[in-house]
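Output the structure for:
(one chain, ligands or ions: 2)
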Amino acid sequence: MAPRTLYQKLVDSHTVLRLDEQNVLLYADLHVMNEYTSPQAFAGLRERGLPVAAPAQQMAVVDHIIPTHPVAHRIIADPASALQATNLKRNCDDFGLAMFDTNDRFQGIEHVVAPEFGMVRPGMVVLCGDSHTTTYGALGALGFGIGTSEVEHVLATQTLVYRTAADMRIRVDGELAAGVTAKDLVLHIIRRIGAQGARGHVVEFCGDAISALSIEARMTLCNMAVEAGARGALIAPDEAAIRYVLERAVDMAGMEEAARECWRQLRSDDDARFDVEHRFDAAAVGPYVSWGTSPDQSIEIGERVPAPEAAQDRLERLALEKALAYTGLSAGVSLDGLPVQRVFIGSCTNGRIEDLRAAAAVVKGRKVHPGVRAMVVPGSGAVRRQAEEEGIAAILADAGFEWRQPGCSMCLAMNDDVLAPGERCASTTNRNFEGRQGRDSYTHLMSPAMAAAAALAGCITDVRHLESTLG
Ligand SMILES: CC(C)[C@H](C(=O)O)[C@@H](O)C(=O)O
Ligand code: SF4
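Ligands and ions are numbered 1, 2, ... in the order given. Here you go, the predicted structure:
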């Protein structure tokens with residue numbers, strides 16, 4: 001058999017039917033749903049009188065619209081949002097599907113909850129009506145977002161009509177420096193290859209620097225691969241990934257050895273051919289901050305906002321001009337010292353326990369700047385409880401951070417966690433589009449450590465220089 005990439009192996013092993021040169025009918029092991037992209041799909045099923053084909057392979061959470069106020073019992077005040085949540089509950093009850101409802105102790109962001117329950121496993125195909133489903137590549141599972149009509153098709157058949165992607169390999173060797181994280185690395189990669197740089201491709205990440213990343217950090221990386229246009233991201237499962245899954249997949253008791261054996265095979269053949277290859281040196285990456293309105297408009301903290309004249313082509317120049325006009329920044333300025341009024345730590349990119357630990361390590365014994373409103377929104381109920389048990393929640397709260405309930409929150413501001421016009425936010429999220437966190441507001445993407453440093457300093461600052469910044 002011709003050598004194959006890991007991606008091709010996963011597609012082959014899930015192909016129910018080859019439809020033509022480009023398209024296959026792909027089997028899904030797991031389908032994850034939220035309240036936002038599933039209602040029409042259920043309506044479609046009801047209209048056609050169809051059952052859900054594989055109820056045990058569905059999981060649903062309320063995450064996008066849920067308020068995050070730190071109260072024991074959450075009530076969704078906005079009527080349209082409340083309806084989305086009750087609809088999801090009714091749909092899941094009617095069709096017999098697992099769901100983490102508004103006040104479930106395990107509720108959280110779908111891409112945080114599914115892996116932490118051991119539902120996502122190496123070799124799986126996981127679908128969800130949400131673009132950041134690429135996160136699951138961290139565990140060697142092919143995950144990608146689908147549209148609402150596809151959600152209906154998956155519910156009805158547990159399959160998807162799928163156009164196969166091309167293969168890209170991104171090798172990252174070397175070591176990340178102290179204070180530099182997977183978030184900085186991925187912003188660096190996106191900046192270099194562009195927000196469309198991986199369009200049409202599934203990216204396999206490999207190299208020493210990738211193997212050295214924790215599973216949480218791998219999730220951050222794969223999560224944001226979609227911001228380079230990738231149709232999926234993969235990291236071949238190693239011992240760390242296998243352990244992560246086996247520790248959580250309670251139903252696999254007694255099958256560990258068989259699973260290990262099988263999951264270890266999940267790698268690209270040595271001579272497999274990739275359509276595109278990129279290489280990066282981890283040691284050359286510094287802490288990153290986005291300055292513009294697309295994740296590729298990001299620079300290292302020591303760099304200056306680029307001038308449109310430096311653009312490679314006309315399109316890029318126009319994009320730079322537009323981003324400068326929106327953000328109110330000028331070419332040539334430094335982001336170091338730029339005041340922020342808000343700090344947001346959370347999201348499916350950086351709302352996991354390790355992210356909260358990193359933020360707490362920076363703020364321990366210090367205080368949030370009086371000019372800043374800072375909030376931490378844990379990725380899930382389990383993350384929230386663990387952070388409380390570890391004393392991280394107390395460190396963050398003592399420093400002046402609001403300690404909130406889990407949800408997507410200010411990542412896209414579909415609840416009442418919204419920036420006011422003109423506010424600037426240091427944010428650990430993944431998208432800095434115009435108005436993403438509130439109309440006429442400005443988002444600066446960065447790592448949890450950098451966001452924590454901004455909260456203390458009242459401005460964007462280099463976390464590595466924190467001592468001197470604070471005097
Ligand atoms: C609402 C949803 C469809 C969307 C996505 O697909 O990613 C959201 O989660 C986002 O992050 O913008
Ligand atoms: S946390 Fe943000 S990126 Fe992730 S699913 Fe929610 S809205 Fe989308």
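
is ligand 2 contacted by stretch 402-421?
Yes: contact of stretch 402-421 with ligand 2 is found when judged by CB under 6 Å from any ligand atom, involving 408, 411-412. C-beta: built from backbone N, CA, C; applies to glycine.

Can you pull out the low-pLDDT segments for the stretch 351-471 of the chain?
Applying pLDDT under 70 to the stretch 351-471 of the chain picks out residues 467-471.

Just the strands from it, written as ranges.
373-377, 402-403, 424-427, 442-445 (DSSP state E, counting those that start in this stretch).

among those, which is nearest residue 38?
strand 373-377 (22.2 Å; CB to CB).

which strands and helices sit next to the closest one?
Counting contacts by 3 or more CB pairs under 8 Å, 6 or more residues apart in numbering; DSSP states H and E, strand 373-377 packs against strand 342-346, strand 402-403.

one more time with 6 Å
The contact analysis (3 or more CB pairs under 6 Å, 6 or more residues apart in numbering; DSSP states H and E) places strand 373-377 against strand 342-346.

ok now the strand it packs on, how far from the chain's centre?
Centroid separation for strand 342-346 versus its chain: 15 Å, with CA atoms, centre = their mean, to the nearest Å.

residues in contact with that strand?
Applying CB atoms under 6 Å, 6 or more residues apart in numbering, the external contacts of strand 342-346 come out as 359, 372-377, 409-410, 419, 423, 425-428, 448, 451, 454-455.

The same query, at a cut-off of 8 Å, please.
351, 355-356, 359, 368, 372-379, 401, 404, 409-411, 417, 419, 423-429, 437, 448, 451-452, 454-455 (CB atoms under 8 Å, 6 or more residues apart in numbering).

Please apply the same query to stretch 116-126.
Under CB under 8 Å, 6+ apart, the answer for stretch 116-126 is 10, 13-14, 26-32, 59, 106, 108, 114, 133, 136, 139-143, 237, 241-242, 245-252, 259, 262-263, 266, 380, 382-383.

what about residue 80, distance to residue 414?
Counting by CB to CB, to the nearest Å, the gap from residue 80 to residue 414 is 10 Å.

These two: which is more packed in?
For residue 80 versus residue 414, neighbours defined as other CB atoms under 10 Å are more numerous around residue 414 (20 against 8).

shouldn't that one be in contact with residue 81?
Yes: using CB atoms under 8 Å, residue 414 is in contact with residue 81, at 7.4 Å.

quick one: common contacting residues for those two?
With CB under 8 Å, 6+ apart, residue 414 and residue 81 have common neighbours residue 65.

so which of the residues of stretch 402-421 next to ligand 2 are also by ligand 1?
Checking the residues of stretch 402-421 next to ligand 2 against ligand 1 by CB under 6 Å from any ligand atom, the ones in range are residue 412.

between the residues of stretch 402-421 next to ligand 2, which is closest to residue 180?
Using CB to CB, residue 411 is the member of the residues of stretch 402-421 next to ligand 2 that lies nearest residue 180, at 22.5 Å.

What distance do you get for the one residue in the stretch 351-471 of the chain that gets nearest to ligand 1 to residue 142?
The stretch 351-471 of the chain approaches ligand 1 most closely through residue 412 (5.1 Å), counting by CB to the nearest ligand atom. Distance, residue 412 to residue 142, using CB to CB: 24 Å.

Where does the closest residue to ligand 1 within the stretch 251-400 of the chain sit, in terms of helix or strand?
Closest residue of the stretch 251-400 of the chain to ligand 1, CB to the nearest ligand atom: residue 348 (7.7 Å). Assigned by DSSP states H and E, residue 348 falls within helix 347-350.

Pull the CA coordinates from that helix and hand them back as CSV.
Only the C-alpha atoms of helix 347-350 are listed here, as CSV (Å, rounded to 0.1, in the frame of the first residue of the first chain):
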residue,chain,number,x,y,z
SER,A,347,-12.3,30.4,26.0
CYS,A,348,-11.8,27.0,24.3
THR,A,349,-8.3,28.3,23.4
ASN,A,350,-7.1,29.1,26.8
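
Give the buried residues for that helix.
With burial defined by 16 or more other CB atoms under 10 Å, the residues of helix 347-350 counted as buried are 347-350.

any chance of those in TSV, with pLDDT and distance to ligand 2 too?
Formatted as TSV, the buried residues of helix 347-350 follow (pLDDT from 0 to 100; distance: CB to the nearest ligand atom, whole Å):
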residue	pLDDT	distance to ligand 2
347	98	4
348	98	3
349	98	7
350	98	9
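
Before I go, just wanted to say thanks for your time.
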